[in-house]
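> Pasted the sequence and its predicted model underneath.
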Amino acid sequence: MSHHLDTPLAAQNGQLYLDDLYVFQSDGSTVLIMDANSSITGVHAEPGFHPEARYEFKVHFDGDDFEDLTYRVSFGEADSSGQQPLLLHVLTGADAREDSATGELLLEGRTGEPAEGDDTRIWAGRIKDPFYIDLSLLAIVNGAVAKGTAVDLSAWRPETAQNSFNGTSVQSIVLEVSHRHPRLRPGARTGIWCATKLATDAGGWRQINRAGHPMMWPIFWPGDTDFSNPANVRHPSEDYAADGDHIAGLVAAVVAATGTSDDPGAYGKTVAHELFPDVLPYVIGTPAVYGIATRNGRTTADNAPEAMLSLVTGMAVPSGLKPPVTKSLRNGNFPHVVPE
């Protein structure tokens, strides 16, 4: 589940731990971005992408439980300049769900350089992180969620908020697919998530981490620093059965204590259904926005933390930070990020 290497275990190998997922449109195409390996805990343990891992974008269509399109990115060992070779494969239909399937090779390239062809282009490398939040606000909310107590913002001063991620960086994979794609055409209803998978000694693949909605782990499992909860290794189709009641109960307790819902139980279930399965909904070709009222894709400018904290607590939670705080870290042109 999405988070920024804020646990000791994740910090040991940030290459495998996902921070954010963004999906939005740009000039007749759909942009998918996954970020990993944040420097928030200090100097990242290993630079670059893991050479024995896969980084996958998963696409569901029309509310289906399972993905029907997978873009798989893999990397080789870094050379003396720090660049890594990369391969982009696409898998469709039943193959999109099979680790043993090889798919079709779409592009070959190197980190730090764009590669393109067949209405698809990719860029991967280290960037300045556009994510923004004051972690002291998160501490207030996730403390209330963990204890089922009222959210007390009386000491919170939005006007003095500081971006805790200022000056940090992440490894980013940017994939852009033309609207001419037979499935990713304007109007298509999708659900998108990403995952990292590591090769096993037995020759298979083990899912390590995944991301859909932002901030899931720090809000709902903030104390699980060793990732003992299986949420990261399961498929989104299993989410509600596994944790729906748990999430609904946490939210219900918070809104009941805070007094922000006349029917806390019903509100908790509504939120659980909004967040599970943990895939990011997006209608291809429409303006992306991840906000309090609408969750349709996510741009790098969206104040996703404010939206998530407000959703979970049933009230407006002012973060004090606005999109201009990271304006210099966004790019209107491909690759839409700012390389470090």
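Right, received. Where do you want to start?
> From the contact counts, what lies against the strand or helix carrying residue 194?
For residue 194, the element it lies in under DSSP states H and E is strand 189-199. With contacts taken as 3 or more CB pairs under 8 Å, 6 or more residues apart in numbering; DSSP states H and E, strand 189-199 sits against strand 18-25, strand 29-36, strand 53-61, strand 205-211, strand 280-283. Using the backbone N, CA and C atoms, a C-beta is placed for each residue, glycine as well.
> quick one: strands adjacent to the last one?
For strand 280-283, the paired strands and their directions (DSSP bridges) read strand 189-199 (antiparallel).
> Run the angle between the partner strand and strand 53-61 for me.
The directions of strand 189-199 and strand 53-61 differ by 160 degrees, with axes from the mean of the first three to the mean of the last three CA atoms, to 10 degrees as the criterion.
> Show me what counts as buried in strand 189-199.
Using 16 or more other CB atoms under 10 Å as the test for burial, strand 189-199 gives 190, 191, 192, 193, 194, 195, 196, 197, 198, 199.
> C-alpha coordinates for that strand, CSV please?
Presented in CSV, the C-alpha positions along strand 189-199 are these (Å, rounded to 0.1, in the frame of the first residue of the first chain):
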residue,chain,number,x,y,z
ARG,A,189,-13.6,3.3,-17.4
THR,A,190,-10.5,2.0,-15.8
GLY,A,191,-9.1,1.1,-12.4
ILE,A,192,-5.3,1.3,-12.1
TRP,A,193,-2.8,0.1,-9.6
CYS,A,194,0.9,-0.6,-9.6
ALA,A,195,3.1,-3.3,-8.0
THR,A,196,6.6,-4.4,-7.4
LYS,A,197,7.5,-8.0,-7.7
LEU,A,198,10.8,-9.7,-6.8
ALA,A,199,12.3,-12.9,-8.4
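> Is residue 145 in a helix, a strand, or coil?
Secondary structure state of residue 145, per DSSP: H, G, I helix; E, B strand; the rest coil, is helix.
> Show the model's pLDDT score for it.
Listed pLDDT for residue 145 reads 95.
> looking at it, it is touching residue 218, isn't it?
No: under the criterion of CB atoms under 8 Å, residue 145 makes no contact with residue 218, lying 9.8 Å away.
> contacting residues around residue 160?
By CB atoms under 8 Å, 6 or more residues apart in numbering, the contact list for residue 160 reads residue 320.
> what separates it from residue 241, distance-wise?
With distances defined as CB to CB, to the nearest Å, the gap from residue 160 to residue 241 amounts to 43 Å.
> ok, now residue 80?
49 Å.
> Which residue of the two possesses the greater neighbour count?
The neighbour count for residue 80 versus residue 241, taken as other CB atoms under 10 Å, is higher for residue 241 (10 against 5).
> circling back: closest one to residue 140 among the helices and strands packed on strand 189-199?
Each of the helices and strands packed on strand 189-199 was checked against residue 140 via CB to CB, and the shortest separation belongs to strand 18-25, namely 21.5 Å.
> where does the stretch 201-340 of the chain dip in pLDDT?
225-227 (pLDDT under 70).
> First-to-last residue distance for stretch 177-196?
Stretch 177-196 has an end-to-end distance of 20 Å (criterion: CA to CA, to the nearest Å).
> burial count for residue 147?
If we define neighbours as other CB under 10 Å, then residue 147 has 12 of them.
> sorry, that was for residue 202
The number of residues packed near residue 202 is 7, by other CB under 10 Å.
> tell me the contacts of it?
Residues touching residue 202, when contacts are defined by CB under 8 Å, 6+ apart, are absent altogether.
> now swap in the one 3 residues further on and tell me
With CB under 8 Å, 6+ apart as the criterion, the residues that contact residue 205 are 54, 99, 197, 198, 199.
> Farthest pair within those residues?
The widest separation within these, taken as CB to CB, falls between 99 and 198 and amounts to 11.0 Å.
> can you pull the contacts of residue 311?
Going by CB under 8 Å, 6+ apart, residue 311 touches 271, 274, 292.
> Please tell me I have it right and residue 337 contacts residue 172.
Yes: under the criterion of CB under 8 Å, residue 337 lies in contact with residue 172, with a separation of 5.4 Å.
> what residues are shared contacts of the two?
In the contact map built from CB under 8 Å, 6+ apart, the residues linked to both residue 337 and residue 172 are 33, 127.
> Comparing the two, which shows the higher neighbour count?
Set residue 337 next to residue 172 and count neighbours by other CB under 10 Å: residue 172 wins out with 29 against 25.
> What residues are recorded as beta-bridge partners of the more buried one?
Here residue 172 shows beta-bridge partners residue 35, residue 125, assigned using DSSP bridges.
> burial of residue 134, as a residue count?
The criterion is other CB under 10 Å. On that basis, residue 134 has 20 neighbouring residues.
> Cool, thanks, talk later.
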